[in-house]
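Engineer: Predicted structure and sequence below. I'll ask about it afterward.
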Amino acid sequence: MRNSKDSMKYACSPKFQPLRLLTLAAAMMFSVAHADDYTDVSQLMRAGKLPEALSKADQYLTSKPKDPQMRFLKGVIQRDAGKTTDAIGTFTRLTEDYPELPEPYNNLAVLYAGQSQFDKARAALEMAIRTNPSYATAHENLGDVYAKLASQAYNKALQLDATNPAVAPKLALIRELFNPTSPKGQKSGAPTHSTPTPAAVAVKAPPPLPNPASAKAPVTAPTTQTAPATPTAAVTAEAPAPVTPPTTSASTSGNSTKEAEAAVRSWASAWATKDVKTYLAAYGRDFAPPGSMKRSAWENERRERISNKSKISLKLENLNITVNGSNATAKFRQDYKADGIAVSSKKTLNLVKNGDRWLIVKEFTGS
Amino acid sequence: MGPPYLVTVVVALSLIGANPVHAAANKHVPKRELPRQEAPLIRDSDGVAEARLIEIYKLIGKAQNREALTKATQLVEDLPNFQLAQLVYGDLLAAHVRPVKAIGDVPDAMAQAAGSNLTELREESKRRVNALLEPPPPGAIPSQFLALSQRSRHAIAVDASKSRLYLFENTPTGLKLVSDYYISVGKAGTSKTLEGDQRTPLGVYYITSNLDRKSLKDFYGSGALPINYPNMLDAKRGKTGSGIWLHGTPPSQFSRPPLATDGCVVLANPDLAHLVRTVEVRTTPVVIATQLHWVAPHSVRTESKPFEDALHAWRNAKTSGDLKQILSFYTPDFSSNGKTLAQWTPTLKTELATVQGRTIQLKDVSMLRWTDTSDTMVVTFGEVADGIRTGLTKRQYWMRQNSQWKIFFEGVL
């Protein structure tokens, strides 16, 4: 960690990738200790106390000026506060310092699109996808930006007065960078990530490009575990011994696995058939929407995203379900195709049994 | 991401792929394909915009939509007023979110609001592509150009049905096609007859002047080259109207639809600018035809033999100084700048007096044939009597009456 700065310099050289991954993972571990700071800022933000959130973020950044996660939060706060130019600056510098992260590009695109600068939005999203080809949010946003640009080009081609100007598409903003501690402290997220040691990550993931998918894994694991405990718990998490016992060997009740699998398949088929009601009903009351989004806002967004597609095809591959009591984790590769968009990504669903139904309480893309 | 693409274009362009770019029209292609760093100069050159558009079509034809989109993005960035490029760019973007079935696959509401604009852009696209798919046969020339003296350094021919203008260089070994450009003609098509009929005239013309672009409204773009409509045949037929020019496009439009003008021939500004820089006033013929008929240069000479015989017979009569015999070459309705044959005869007599029986030589003879309901010939030459240092440059309009060629106009240039 001492030489993390030096290692960062070599980030672009593939030779140093494992090293950089390690450093990144180490940084994640480090950030765990400051999870409270992130949580505080997030909560202030959610409560609409933007000036307080901003000053707390700035305060944190005086001691850790490079910290990507807090800078990211700061960008979101600036955006929420309507300080678009500042937010663009924040995210732009993040893309310069961490060109391998797709999220800042995505948010930059959202800001540009808000200013009707769709060419810039497109360029930013294409960068996001270049850094992480399976980044679903960026793909969806890019689809909307392409549609908007096409409409603009058509207007110019046909010499139509843009009588309906700047109906900016609603692009999804990423609200938090590393998917840190869920405020509700979903314990169920933990068992799936049973290798929290940084060393293990470095060994485990040398080939793929360093994207938040691989970065996400180590951070979610320790934070969810430490959430209820004291900060020192983070240190214990570093211990090589898996905190949670191998879940597979646990209560692999065949029935439960089948039930959970049926729930996942029903969720996928509802999505593919655009049965929004059934699709949303697959999510439990405790489901934490991504970022600090409100449940209703998230539902509206999902409803819009699903129903505005003319056709959706969804295939689940390598579906692997592990059950631990009333918790289940489904991991699979999701091949999503809708109209012209095609995204293949890894997905993890955490489910909890509620009565006789398995309901989704957490959804991760890319990990 | 299986990218859907523009079916119509693809069909057309797979043909282009099979027909590797025609030699004649691509003479100047190497110039266009210089590296991008020299782009500012190159991008403004004539024909470049279309070459870039066609390159995009070819990429679409090869299902390389990503590359096509990159090129289209650059093209509309450089030429935001190139509506056809915007349309294709829109299609390439839309192809990312939905299947695109035809060029200009715009949403219905937009297509309705656009009125005729969409069909016009599709027609422009079709004509640009067809011009490449059906290039003139190598070495062939339009049948009108029977003979062109070295006084004419260049010649222009317009094929209205193809929306295409062909620029020739008149080399010592004959006419060479050097470039060709997309053009627009009158809203009501061709065959201009009356003032205000929004038609482009058909016939053999000459460029009469080069109007300073600074004196022109923006509407005319990079310049204007007026032609001599109505010519003597048009005047004989009682055609009216004036101010038929080759000119550029307004700032809002890189190019205009195939049928768009009030009778002028309109080119994109870089193309018109190239014409202005290249061609000469007064000596550059402009043939405008519904459809050009391309023939081998040697075949036009054999076809022109009967006419050349008539022209030489006229010269011999003039050498002989026999007024009655000379007058037999002129039609009863002959006119020379408003004078009837009877009024003009004194001029002829004066000429004969000067010649005094010397042999007359015809130098630098150009013969341009125009055939519609009549068979006509526009002849330009220097008339010089032996032993006299200078002569007159004359232009005559002849018309074939049964098998006899007769002069219905004669004037000194």
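Structural biologist: That came through fine. Residues are numbered from 1 along each chain as shown, chains lettered A, B, ... in the order given.
Engineer: Just say helix, strand or coil for the closest residue to B:His96 other than its chain neighbours.
Structural biologist: Closest residue to B:His96 apart from its sequence neighbours, by C-beta to C-beta, 6 or more residues apart in numbering or on different chains: A:Tyr146 at 4.2 Å. C-beta coordinates here come from the backbone N, C-alpha and C atoms, glycine included. Under DSSP: H, G, I helix; E, B strand; the rest coil, A:Tyr146 falls in the helix class.
Engineer: Hmm, A:Tyr146 is touching B:Leu93, no?
Structural biologist: Yes - counting by C-beta atoms under 8 Å, A:Tyr146 does reach B:Leu93; the two are 4.6 Å apart.
Engineer: which residues does B:Trp405 contact?
Structural biologist: B:Trp405 sits next to B:Pro306, B:Phe307, B:Ala310, B:Leu311, B:Met377, B:Trp398, B:Met399 when contact means C-beta atoms under 8 Å, 6 or more residues apart in numbering or on different chains.
Engineer: rerun at 7 Å
Structural biologist: B:Phe307, B:Ala310, B:Trp398 (C-beta atoms under 7 Å, 6 or more residues apart in numbering or on different chains).
Engineer: Now pLDDT too, for the residues you listed, in JSON lines please.
Structural biologist: What follows is the contacts of B:Trp405, written out as JSON lines (pLDDT from 0 to 100):
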{"residue": "B:Phe307", "pLDDT": "95"}
{"residue": "B:Ala310", "pLDDT": "96"}
{"residue": "B:Trp398", "pLDDT": "98"}
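Engineer: So which of the residues you listed sit within strands?
Structural biologist: If you go by DSSP state E, these have B:Trp398 in strands.
Engineer: now, which of the contacts of B:Trp405 sits nearest chain A?
Structural biologist: Chain A has its nearest neighbour among the contacts of B:Trp405 in B:Trp398, at 47.0 Å by C-beta to the nearest C-beta.
Engineer: need the contacts of B:Trp405 in TSV with neighbour count and distance to A:Val264, can you?
Structural biologist: As requested, the contacts of B:Trp405 are exported to TSV (neighbours: other C-beta atoms under 10 Å in any protein chain shown; distance: C-beta to C-beta, whole Å):
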residue	neighbour count	distance to A:Val264
B:Phe307	19	88
B:Ala310	19	94
B:Trp398	26	90
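Engineer: Also near chain A: which of the contacts of B:Trp405, exactly?
Structural biologist: Here nothing survives when the contacts of B:Trp405 are matched to chain A using C-beta under 7 Å from any C-beta of the partner chain.
Engineer: And the nearest residue to B:Trp398 once chain neighbours are set aside, how far from B:Asp180?
Structural biologist: Leaving out its chain neighbours, the residue that sits closest to B:Trp398 by C-beta to C-beta, 6+ apart is B:Met377, at 4.2 Å. With distances taken as C-beta to C-beta, to the nearest Å, B:Met377 is found 26 Å from B:Asp180.
Engineer: now swap in B:Asp46 and tell me
Structural biologist: Counting by C-beta to C-beta, the gap from B:Asp46 to B:Asp180 is 10 Å.
Engineer: what sits up against the helix or strand containing A:Lys156?
Structural biologist: A:Lys156 belongs to helix A:136-157 when elements are defined using DSSP states H and E. For helix A:136-157, the external contacting residues (C-beta under 7 Å, 6+ apart) are A:102, A:106, A:109, A:113, A:118, A:121-122, A:125-126, A:128-129, A:162, A:169, A:171-172, A:174, A:305, A:341, A:343, A:345, A:365, B:76, B:80, B:83, B:86-87, B:89-90, B:93-94, B:96-97, B:106, B:110, B:121.
Engineer: Now a ChimeraX select for only the buried ones of those.
Structural biologist: Typed into ChimeraX, the line below selects the buried ones among these, using 16 or more other C-beta atoms under 10 Å in any protein chain shown:
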select /A:102,106,109,113,118,121,122,125,128,129,169,171,172,174,305,341,343,345,365 /B:76,83,86,87,89,90,93,94,96,97,106,110,121
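Engineer: Helices - which of the contacts of helix A:136-157 land there?
Structural biologist: Judged by DSSP state H, the subset of the contacts of helix A:136-157 located in helices is A:102, A:106, A:109, A:113, A:118, A:121-122, A:125-126, A:128-129, A:305, B:76, B:83, B:86-87, B:89-90, B:93-94, B:110, B:121.
Engineer: ok, now which ones touch A:Ala128?
Structural biologist: When contacts are counted by C-beta under 7 Å, 6+ apart, A:Ala128 touches A:Pro102, A:Tyr105, A:Asn106, A:Tyr135, A:Ala138.
Engineer: Please repeat the previous calculation with a cut-off of 10 Å.
Structural biologist: A:Ala128 makes contact with A:95, A:101-109, A:135, A:137-139, A:141-142, A:174 under the criterion C-beta atoms under 10 Å, 6 or more residues apart in numbering or on different chains.
Engineer: Quick check: which ranges of chain A have low pLDDT?
Structural biologist: Residues of chain A meeting the criterion pLDDT under 70: A:1-35, A:162-169, A:178-253, A:290-293, A:339-344, A:366-367.
Engineer: Would you tell me which residues of it are close to chain B?
Structural biologist: Within chain A, the positions adjacent to chain B are A:118-119, A:122-123, A:139, A:142-161, A:163, A:309-311, A:337-344 by C-beta under 10 Å from any C-beta of the partner chain.
Engineer: Write out the residues of the stretch 101-250 of chain B neighbouring chain A.
Structural biologist: Within the stretch 101-250 of chain B, the positions near chain A by C-beta under 10 Å from any C-beta are B:104-107, B:110-111, B:113-118, B:120-121.
Engineer: Buried only: go through these for me.
Structural biologist: For those, a burial check counting by 16+ other C-beta under 10 Å picks out B:Gly104, B:Asp105, B:Val106, B:Met110, B:Ala111, B:Ala113, B:Ala114, B:Asn117, B:Leu118, B:Glu120, B:Leu121.
Engineer: of the residues you listed, closest to chain A?
Structural biologist: The closest of these to chain A turns out to be B:Ala114 (C-beta to the nearest C-beta; 3.7 Å).
Engineer: Please name the nearest non-neighbouring residue to A:Val323.
Structural biologist: A:Ser256 is the one closest to A:Val323 (C-beta to C-beta, 6+ apart), at 4.5 Å.
Engineer: show me what contacts the one you found?
Structural biologist: When contacts are counted by C-beta under 10 Å, 6+ apart, A:Ser256 touches A:Ile321, A:Val323, A:Asn324, A:Gly325, A:Ser326, A:Asn327, A:Ala328, A:Lys353, A:Trp358.
Engineer: Would you report the backbone torsion angles of residue 135?
Structural biologist: Since no chain was named, I'll use chain A. Torsion angles at A:Tyr135 (phi, psi; degrees, to the nearest 10) stand at phi -80, psi 100.
Engineer: try chain B instead
Structural biologist: According to degrees, to the nearest 10, B:Pro135 has phi -70, psi 160.
Engineer: How about the contacts made by the residue in the stretch 301-413 of chain B that chain A sits nearest to?
Structural biologist: Residue of the stretch 301-413 of chain B nearest chain A, by C-beta to the nearest C-beta: B:Asp372 (36.3 Å). Taking C-beta under 10 Å, 6+ apart, we find B:Asp372 in contact with B:Ser191, B:Leu202, B:Gly203, B:Leu233, B:Arg237, B:Ala289, B:Thr290.
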